[in-house]
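1. Here you go, sequence then predicted model.
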Amino acid sequence: MSFIDHHDLWNPTQRQTAAEVLRRVEAEGTELVRLSFPDLHGILRGKALLPAALPGAMKDGCPITSTLLLKDSSHRTVVPVFAAGAGLGLTRLQGASDVIMVPDPTTFRRLPWVGNTGWMMCDVYFPDGSPVTFAPRHLLRRELDRLHATGRELVTGLEVEFHILRLVDPRLGQGDGGQPGTVLEVELTHQGYNHLTEMRLDRIEPITDILRSHCLALGLALQSIELEFGPSQVEFVFRPARGMQSADDMVLFRSAVKQICRRHGFHATFMCRPAFPNAMSSGWHLHQSLTDLAGANLFVPEQPGELLSPLGRRYLAGLIAGAEEAVAFTTPTVNGYKRYRPHSLAPDRIAWGSDNRGAMLRVVGGANPAATRIENRIGEPAANPYLYVASQLVTGGHGIAAQLEPPPPVDAPYDALATPLPGSLGAALDSLRRGNILRQGFGAEFIDYYCLVKHAELRRYESTVTDWETKEYLDIF
C-alpha cells in the first residue's frame, strides 16, 4: 500500500484529480513538474521532477530535508539539528531528517512563463504519516477546519502593494555570493507621486500586461492593476475567495511575479520599504468576513444604522484584543515596522473606523450590505499568508467565543487614545511570547519555534553595523 493510501492523506476529490493530472502530464508533453511547499516565511521550496518520477510521488510523496522549515530569512538553519536535544519539541527533526512532501493534485497548473512545466502545491508530513504541525499550511487548515465545525467559513480578499524595478546589474561576480548575497543594482520604472494616473500606468504597461496575462493563465482571481503612490510601486487586487484559496494564491502570486519579472529584465520586491530615495511603504490589506455554509455573509448588519452584525462586532473585537500578539505574523520583518507612520495611510495604533483608511481595521460595505467586511490594513506584503490569515481567525474567533464588544470607532485614527502598535520586530515578538490568545490557538510549540527563528534573524540585524551608525558616530566621537 502506498504512503498516501496507508495514511489516508487525500480526500476523494484529490484522488480523482490525481489520475487526471497524470493523464494531463502525459497528454500535454509536460517535461518537468515542480513540487513546492511554503516554508515558515511563505517562501516556496521543493523539487522539480521529471514525468517518469511523478507517479511515484503521487503514491509515496517526495522526501525532502526538514531543515527547510528551520531557516531564517537569510536561508541559514537556525535550529541546532546536529546538537543533542534540539528542544522546542523539534527533536523529530534531529539530524536534519527527511519529511515527506505530498502533492495536492487540486492545485496542479502549468507555469505559463516556463516551457512545458507543471506545478503543484504540497503539504509536508513526517515519515509516520502525521502532519508536520508547525508547517504553516497545516496550521491554517486546522483553523479553517475548526471554523467549519461551527458552521462557518472564511472569505478573504487581497490588496497587495509591491515594487517593480528595472534590473541593472544582478551582481553575480565571484564575490557577490553569500547569505544574503550582494544587493542587486536596480532603477525605477516610474517616478511615483502620480497616484492612479492613467499616463503613468501606461508607461509600465509592458511589464504589468505580461504579469496580468500570466496571472490569469495561472487561474489567479485578479480583479485590478493599479498605479500606487510611490516610485515604482503598484497594487494588484484580487476577488474574494473562500477558505485556503487566498493564502495559496498569495504564495503563488509572489513567487510567480518575481520569476516573471526577472525573466524580462525587471526585479519585483515585496519588501515593505526599500531604501531608495523617496520610496513609499507597501502594505497588504486583508479583507475578511465569515459566511454560513450556504455562503450567506454573517457580518451583514441586522438593524438599520449598524455597521456589523453582533457576530461581526465580536469578531472585530477579537481582532482588536489580539492585535498586539498578531503583529509578529502580519509584520514579520525588521523592515515592515518602518511603515507604521502617522498620517501615511498606514496604521500606527490599534483602532477601528467606519470606512476610514487611517485606522488599522476598516469596516466597509455600507453601499452594499451584502459585501460587509472588515479590512485589516496592518499587514506587509512579505507576510506569510497562512500565518497572517490564521492569526485573524484565531483572534477573531476569540472575540466570538468570549462575546467581546469593540470599543467605539474612531474618526481621527492618528490622534485616538488607543494602544500603539509594536514599534519593532523585537517588541512584536515580546508581545507574542507574553500573549495567551495565539499561544492557545496556535499551540505553545509553534509560538516558541516561530520566535526562535525570528529572534535569530533579529540578532543578525542588531549585530550589523549600519550606514546610519557610521554617519552618526564616526565623526562626532
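-> Happy to help now that I have it.

2. isn't Leu188 right next to Gly230, touching?
-> No. Leu188 lies out of contact with Gly230 (CB atoms under 8 Å); the separation is 9.9 Å. Heads up, the C-betas are built off the backbone N, CA and C, glycines and all.

3. Out of those two, name the residue with the larger neighbour count.
-> Each of Leu188 and Gly230 had its neighbours counted (other CB atoms under 10 Å), and the higher figure belongs to Gly230 (23 against 18).

4. Now the more buried one: which helix or strand?
-> Using DSSP states H and E, Gly230 maps to neither a helix nor a strand.

5. mind checking pLDDT for the closest residue to it other than its chain neighbours?
-> Once flanking residues are discounted, Gly230 sits nearest to Met280: 2.7 Å by CB to CB, 6 or more residues apart in numbering. Here, the pLDDT recorded for Met280 equals 93.

6. Could you list the domains of the protein?
-> 3-132, 144-472 (automatic domain parsing).

7. what would these look like in a markdown table with distance to His138?
-> Shown next, in a markdown table, are these (distance: least, CB to CB, whole Å):
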| stretch | distance to His138 |
| --- | --- |
| domain 3-132 | 5 |
| domain 144-472 | 9 |
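
8. And the closest residue to Ile64 other than its chain neighbours, how far from Gly219?
-> Closest residue to Ile64 apart from its sequence neighbours, by CB to CB, 6+ apart: Met101 at 5.3 Å. Distance of Met101 to Gly219, computed by CB to CB, to the nearest Å: 21 Å.

9. Among those two, which residue is more densely surrounded?
-> For Met101 versus Gly219, the count of surrounding residues by other CB under 10 Å is larger for Met101: 23 against 11.

10. ok, what's across the strand from the more buried one?
-> Note on Met101: beta-bridge partners by DSSP bridges are Cys62, Val124.

11. could you give me the average pLDDT of the longest strand seen in the chain?
-> Longest strand of the chain, by residue count under DSSP state E: strand 152-169. For strand 152-169, the mean per-residue pLDDT is 97.

12. Against which helices or strands is it packed?
-> helix 136-149, strand 185-187, strand 233-238, strand 241-242, helix 245-263, strand 266-269, strand 284-292, helix 385-401 (3 or more CB pairs under 8 Å, 6 or more residues apart in numbering; DSSP states H and E).

13. Beyond the last one, next helix or strand please.
-> If I follow you right, that is helix 385-401. Proceeding N to C from helix 385-401, the next assigned helix or strand is helix 425-434, under DSSP H and E.

14. counting contacts, what elements does that next one pack onto?
-> Where contact means 3+ CB pairs under 8 Å, 6+ apart, helix 425-434 is packed against helix 323-330, helix 444-462.

15. among the ones you listed, which is the most enclosed?
-> Sort these by mean neighbour count, taking mean count of other CB atoms under 10 Å, and helix 323-330 sits at the top with a mean of 26.

16. Which element is encountered next along the chain beyond that helix?
-> Assigned by DSSP H and E, the successor of helix 323-330 is strand 352-354.

17. what's the burial count for Asp8?
-> Neighbourhood size, Asp8 [other CB under 10 Å]: 8.

18. actually Arg171, not the one I wrote
-> 14.

19. Thought Glu185 was touching it, still the case?
-> Yes. Arg171 is within contact range of Glu185, at 6.5 Å (criterion: CB under 8 Å).

20. show me the residues around the closest residue to Phe162 other than its chain neighbours that make contact.
-> For Phe162, ignoring the flanking residues on the chain, the nearest one in space by CB to CB, 6+ apart is Phe270 at 4.8 Å. Residues in contact with Phe270 (CB atoms under 8 Å, 6 or more residues apart in numbering) are Val160, Phe162, Arg254, Lys258, Ser282, Pro381, Ala382.

21. go with 6 Å
-> Phe162, Arg254, Pro381, Ala382 (CB atoms under 6 Å, 6 or more residues apart in numbering).

22. ok, of the residues you listed, which one's closest to Ser36?
-> Closest to Ser36 out of those is Arg254 (12.2 Å), distances taken as CB to CB.

23. contacting residues for that closest one?
-> Counting by CB under 6 Å, 6+ apart, Arg254 has contacts Phe270.

24. nearest to Asn335, of the helices and strands packed on strand 152-169?
-> Within the helices and strands packed on strand 152-169, the stretch nearest Asn335 is strand 266-269; the backing value is 10.5 Å (CB to CB).

25. Show me where the stretch 301-450 of the chain dips below the pLDDT cut-off.
-> Where the stretch 301-450 of the chain drops to pLDDT under 70, the residues are 366-367.

26. Helix, strand, or coil at the residue lying closest to His214 once chain neighbours are set aside?
-> Of all residues not flanking His214 in the chain, Pro112 sits nearest, at 4.8 Å (CB to CB, 6+ apart). Under DSSP: H, G, I helix; E, B strand; the rest coil, the three-state class of Pro112 is coil.

27. how far away is Pro112 from Val33?
-> Going from Pro112 to Val33 by CB to CB gives 15 Å.

28. And Ser282, by the same measure?
-> Counting by CB to CB - Ser282 and Val33 are separated by 32 Å.

29. do Gln303 as well
-> 53 Å.

30. Of those two, give the one with the bigger neighbour count.
-> Using other CB under 10 Å as the criterion, Gln303 and Val33 rank with Val33 on top: 25 against 7.

31. Now do the same contact list for Ala316.
-> That one is not Ala; residue 316 is Leu. Ile374, Pro406.

32. Look up how far Glu159 lies from it.
-> Taken as CB to CB, the span from Leu316 to Glu159 is 19 Å.

33. hmm, back to that, now do the same for the residue nearest to His214: its pLDDT.
-> Note for Pro112: predicted pLDDT of 96.

34. For Leu44, see how far away the residue nearest the centre of the chain is.
-> In the chain, the C-alpha nearest the mean C-alpha coordinate belongs to Pro385, at 2.4 Å (CA atoms, centre = their mean). Counting by CB to CB, the separation of Pro385 from Leu44 is 12 Å.

35. same check, this time on Gly379
-> 19 Å.

36. who has more neighbours, those two?
-> A side-by-side neighbour count of Gly379 and Leu44, using other CB under 10 Å, places Gly379 first with 28 against 18.

37. bridging residues for that one?
-> Trp284.

38. close enough to count as contact, it and His287?
-> No. Using CB atoms under 6 Å, Gly379 is not in contact with His287; the gap is 11.2 Å.

39. What is the neighbour count of Asp169?
-> Close neighbours of Asp169, defined as other CB under 10 Å, add up to 12.

40. got a list of contacts for stretch 388-402?
-> Residues from elsewhere that reach stretch 388-402 (CB under 6 Å, 6+ apart): 139-140, 143, 247, 288, 314-315, 317-319, 322, 326, 329-330, 379, 437-438, 441.

41. how does it look with 7 Å?
-> Contacts to stretch 388-402, defined as CB atoms under 7 Å, 6 or more residues apart in numbering, come from residues 139-140, 143, 147, 154, 156, 246-247, 286, 288, 311, 314-319, 321-322, 326, 329-330, 376, 379, 437-438, 441-442.
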